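In: build me a model:
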Amino acid sequence: MADSEERLAALSVALCAELGHQFRDALLLTDALTHSSFRNEKPAHVRTDNERLEFLGDAVLQWVVSALLWERFPSATAGEMTRRRADLVCEEALAGIARSVSLGAALRLGRGEERSGGRDKPRLLSSALEAVVAAVYLDGGTEAAMRLCRRLFEQLLGGRAPGERDFKTRVQEVLQSRGHRPPTYEVLRESGPDHARNYRVAIVVDGGSYAQGDGRSKLEAEQAAAEQALSLLEAAAPATS
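Out: Purely as a prediction, here's the structure:
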């Protein structure tokens, strides 16, 4: 146990260097890196898990990324900035950023999550990154949160055309070009606690379920289903001479 805690402490120090923030209250970072599975297995060794910090970090990220986009794209419309922000704060993008700073290695996980590859699960990584952003905000205030997000997101801010990940619009355009009615979406399942819901949604084409997707919100799940449907439609496209 002691060896494991020493290893995680060393990894936390390395993570601080990657983040560019030295914590005045080191326990905030420990909380941000503690998954509920670790707390459930070892309650005597934790103050709390990262779920409350994840909730706050989601809001901080929405605000800070909005401000960064406002700076970067002074002529962009509100709609364009909304699409860009959605691309930047989705689970896939946040998990990618978490991997780039080796956040997964520093997570405190229960044995079940450890065995199931939790250190590289997109859901765990994105949630932990949100919690870390909240921890930096609580530790250093708005300026510290802005510096952190500028550091993490700088290279991604202009990396995609706005709406490139708007798969719902793209799949509707493809379907209509092939003579189909606009698709609809059906929620198949909701799971998880209120602060961390997970949705499975089906995209329905001409009355039948065509593809499915998962996400932390209904919209994210709809986008995932539309992305899968778009892949299927592109694969089924007739060959041109």
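In: tell me which other helices or strands the longest helix along the chain touches.
Out: For the chain, the helix that runs over the most residues, judged by DSSP state H, is helix 122-153. For helix 122-153, the packing partners by 3 or more C-beta pairs under 8 Å, 6 or more residues apart in numbering; DSSP states H and E come out as helix 2-19, helix 26-32, helix 51-72, helix 91-100. Where C-beta positions appear, they are placed from N, C-alpha and C, glycine not excepted.
In: now that helix: mean pLDDT?
Out: The average pLDDT for helix 122-153 rounds to 95.
In: now it: buried residues?
Out: 122-140, 144-150, 152-153 (16 or more other C-beta atoms under 10 Å).
In: then stretch 84-97?
Out: Here stretch 84-97 shows 84-91, 93-95, 97 as buried, counting by 16+ other C-beta under 10 Å.
In: determine which two of the residues you listed are furthest apart.
Out: Farthest-apart pair in the buried residues of stretch 84-97 is R84 and A95; separation 18.2 Å (C-beta to C-beta).
In: and the spatially closest residue to G20 that is not a sequence neighbour, how far from A135?
Out: Leaving out its chain neighbours, the residue that sits closest to G20 by C-beta to C-beta, 6 or more residues apart in numbering is R151, at 5.3 Å. Distance, R151 to A135, using C-beta to C-beta, to the nearest Å: 15 Å.
In: you'd agree A211 is up against A225?
Out: Yes - in this structure, A211 is within contact of A225 by C-beta atoms under 8 Å, at 5.3 Å.
In: pick out whichever of the two has more residues nearby.
Out: A direct count of neighbours by other C-beta atoms under 10 Å for A211 and A225 places A225 higher, at 30 against 21.
In: so what are the domain limits for this structure?
Out: 2-153, 167-235 (automatic domain parsing).
In: if you average pLDDT over the last one, what comes out?
Out: Just to be clear, that refers to domain 167-235. 88.
In: and it, end to end?
Out: In domain 167-235, first residue to last residue: 15 Å (C-alpha to C-alpha, to the nearest Å).
In: can you check stretch 106-125 too?
Out: Counting by C-alpha to C-alpha, the terminal residues of stretch 106-125 are separated by 11 Å.
In: appreciated, that's everything.
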